[in-house]
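A.B. asks: how would this look folded up:
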Amino acid sequence: MSKVGIPHTLAYFIYFPLWKTFFEELGMEVVVSPPTTRAILDWGVETAVNDACIPIKLYHGHVAFLRDKVDYIFIPRLVSVRKHGDFGTETFCPKFLGLPDMVRLAVNDLPTMIDVRVDLKKGRSELSNVARHIGLQLGKSWKEVKRAQHKALSVHSQYKKLLGQQILPPRAMEILFGEKGKETMGEEQELTIAVVGYPYAIYDHYINGGLLDILSREKVGVLTQDMLSDRVLNREAYKLPKSLFWYFSNRAVYGALHFMDQQAVDGIIHVTAFACGPDSIVDRLLEIEARHRRMPYLSVVIDEHTGEAGVRTRVEAFMDMLRFRKEGQR
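C.D. replies: Got it, this is the predicted structure:
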């Protein structure tokens with residue numbers, strides 16, 4: 001059985017159930033790199049170009065981990081995953097668009113790369129074209145590809161429903177694939193905080209200094225933009241004079257605007273990557289909106305030097321302020 005590798009970062013946190021199901025239905029064994037470690041980060045810093053942001057460096061490290069363990073490595077060229085209607089052109093970050101080329105030139109001894117172009121704004125048939133392209137590269141028939149695509153979309157729909165139940169992606173994947181995971185004790189939550197940003201920054205425990213674990217230990221309920229449906233997110237787009245050009249940036253902005261209007265939300269934390277151009281715009285926009293709406297707001301900047309102690313100090317101070325504010329309102 002041929003093995004296909006999927007890096008445990010970037011779009012993994014949104015689309016892994018779709019990809020895993022599709023490849024397994026085609027008879028492939030899916031191999032995933034482990035959650036980020038110091039060694040993976042070091043490999044990424046060593047191989048990626050110097051001016052890359054930390055998520056791109058991490059991606060190189062995850063690819064380096066997988067290269068001698070698989071027959072294929074899946075690195076899609078993500079251009080667009082939707083038409084954005086009246087809100088203008090929307091694509092992924094330019095480094096997403098060039099990711100297969102960057103990896104190919106930086107990481108030595110790569111296995112065969114599946115670098116299919118994904119540009120779904122072209123229309124409904126484009127997803128089938130993407131699936132067909134992958135199937136041809138793997139020597140599969142159109143009948144096999146159609147069956148795998150149908151099953152993958154069904155699993156992806158189940159995954160989105162789990163997210164909609166305010167379950168974080170790592171736990172939702174465990175539920176979806178029948179894996180045992182850490183169960184919550186159902187303790188009463190003292191605060192509710194919305195954590196927004198790019199999914200590969202929010203859910204990567206190592207690079208964000210264990211942010212979500214810190215909040216969990218402090219009895220904080222966590223909400224993220226990935227728990228919101230596209231319909232809810234897109235409603236927020238009408239509140240802005242103009243949307244941004246980037247898919248993940250728009251999701252972070254729309255999600256934050258939605259949470260700022262929810263009385264149950266006590267504060268917003270934006271996880272942002274140092275040296276990310278689009279994210280610097282997002283952070284400034286959210287800071288202005290939070291100040292205007294009198295919503296407590298904290299920006300947590302991450303890079304290869306981020307440590308848990310620094311993140312914990314800032315987050316605990318933020319929570320102390322939220323508790324003081326909430327007590328004063330009572």
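
A.B. asks: C-alpha only now, for contacts and for neighbours.
C.D. replies: Noted.

A.B. asks: buried ones in the host helix or strand of residue 324?
C.D. replies: When elements are assigned from DSSP states H and E, residue 324 belongs to helix 308-329. Residues of helix 308-329 classed as buried: 311-312, 315, 318-319, 322 (neighbour count, 16 or more other CA atoms under 10 Å).

A.B. asks: ok, now stretch 24-36?
C.D. replies: 25-33, 36.

A.B. asks: what's the average pLDDT for it?
C.D. replies: Here stretch 24-36 scores 97 as its mean pLDDT.

A.B. asks: Residues touching that stretch, excluding its own?
C.D. replies: 1-8, 20, 23, 58, 62-63, 65-66, 70, 135, 140, 144-145, 147-148, 151, 204-207 (CA atoms under 8 Å, 6 or more residues apart in numbering).

A.B. asks: Quick one, which of these are buried?
C.D. replies: By 16+ other CA under 10 Å, the contacts of stretch 24-36 give 3-8, 20, 23, 58, 62-63, 65-66, 70, 135, 145, 148, 151, 204-207 as buried.

A.B. asks: Just the ones of those in strands?
C.D. replies: 3-6 (DSSP state E).

A.B. asks: Return the member of these nearest to residue 131.
C.D. replies: Of all these, residue 131 sits closest to residue 4, with 15.0 Å by CA to CA.

A.B. asks: Name all residues that make contact with the closest one.
C.D. replies: Taking CA under 8 Å, 6+ apart as the test, what residue 4 contacts is 23, 28-31, 70-74.

A.B. asks: quick one: it from residue 137, how far?
C.D. replies: 12 Å (CA to CA, to the nearest Å).

A.B. asks: So which residues of the stretch 201-330 of the chain form strands?
C.D. replies: 220-223, 267-273, 297-302 (DSSP state E, counting those that start in this stretch).

A.B. asks: Pick the most deeply packed of the ones you listed.
C.D. replies: Of all the strands of the stretch 201-330 of the chain, strand 267-273 has the most neighbours on average by mean count of other CA atoms under 10 Å, namely a mean of 24.

A.B. asks: quick one, strands of the stretch 1-150 of the chain?
C.D. replies: Counting by DSSP E, counting those that start in this stretch, the strands of the stretch 1-150 of the chain are 3-6, 29-32, 72-74, 77-80, 112-114, 117-119.

A.B. asks: Please tabulate these in a markdown table, including the columns distance to residue 219.
C.D. replies: Listed next are the strands of the stretch 1-150 of the chain as a markdown table, based on distance: least, CA to CA, whole Å:
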| stretch | distance to residue 219 |
| --- | --- |
| strand 3-6 | 33 |
| strand 29-32 | 31 |
| strand 72-74 | 38 |
| strand 77-80 | 37 |
| strand 112-114 | 42 |
| strand 117-119 | 40 |
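
A.B. asks: quick one: which of these is nearest residue 217?
C.D. replies: strand 29-32 (28.0 Å).

A.B. asks: Sheet partners, orientation included, of that closest one?
C.D. replies: Using DSSP bridges, the strands paired with strand 29-32 are strand 3-6 (parallel).

A.B. asks: any idea of the mean pLDDT in the partner strand?
C.D. replies: Rounded mean pLDDT across strand 3-6 is 98.

A.B. asks: Could you export it as PDB, keeping only the C-alpha atoms?
C.D. replies: The C-alpha trace of strand 3-6 is given here as PDB (Å, rounded to 0.1, in the frame of the first residue of the first chain):
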ATOM      1  CA  LYS A   3       1.800   6.000   1.600                       C
ATOM      2  CA  VAL A   4       0.900   9.700   1.300                       C
ATOM      3  CA  GLY A   5       2.200  12.200   3.800                       C
ATOM      4  CA  ILE A   6       0.300  15.200   5.100                       C
END
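
A.B. asks: contacting residues around residue 65?
C.D. replies: By CA under 8 Å, 6+ apart, the neighbours of residue 65 are 33, 40.

A.B. asks: make it 10 Å
C.D. replies: By CA atoms under 10 Å, 6 or more residues apart in numbering, the contact list for residue 65 reads 5, 7, 32-34, 39-40, 43-44, 59.

A.B. asks: thinking again about what came up before, need the buried residues of helix 308-329 in a markdown table with pLDDT and distance to residue 211, can you?
C.D. replies: Output for these, formatted as a markdown table (pLDDT from 0 to 100; distance: CA to CA, whole Å):
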| residue | pLDDT | distance to residue 211 |
| --- | --- | --- |
| 311 | 89 | 7 |
| 312 | 91 | 7 |
| 315 | 93 | 8 |
| 318 | 95 | 12 |
| 319 | 93 | 12 |
| 322 | 93 | 17 |
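
A.B. asks: where does this structure dip in pLDDT?
C.D. replies: 85-86, 88, 180-187, 330 (pLDDT under 70).

A.B. asks: Point me to the residue sitting closest to the centre of it.
C.D. replies: residue 199 (2.4 Å; CA atoms, centre = their mean).

A.B. asks: Just give the nearest non-adjacent residue to that one, would you?
C.D. replies: residue 13 (6.4 Å; CA to CA, 6 or more residues apart in numbering).

A.B. asks: Next: residue 15.
C.D. replies: Leaving aside its sequence neighbours, residue 15 sits nearest to residue 156 (CA to CA, 6+ apart; 7.5 Å).
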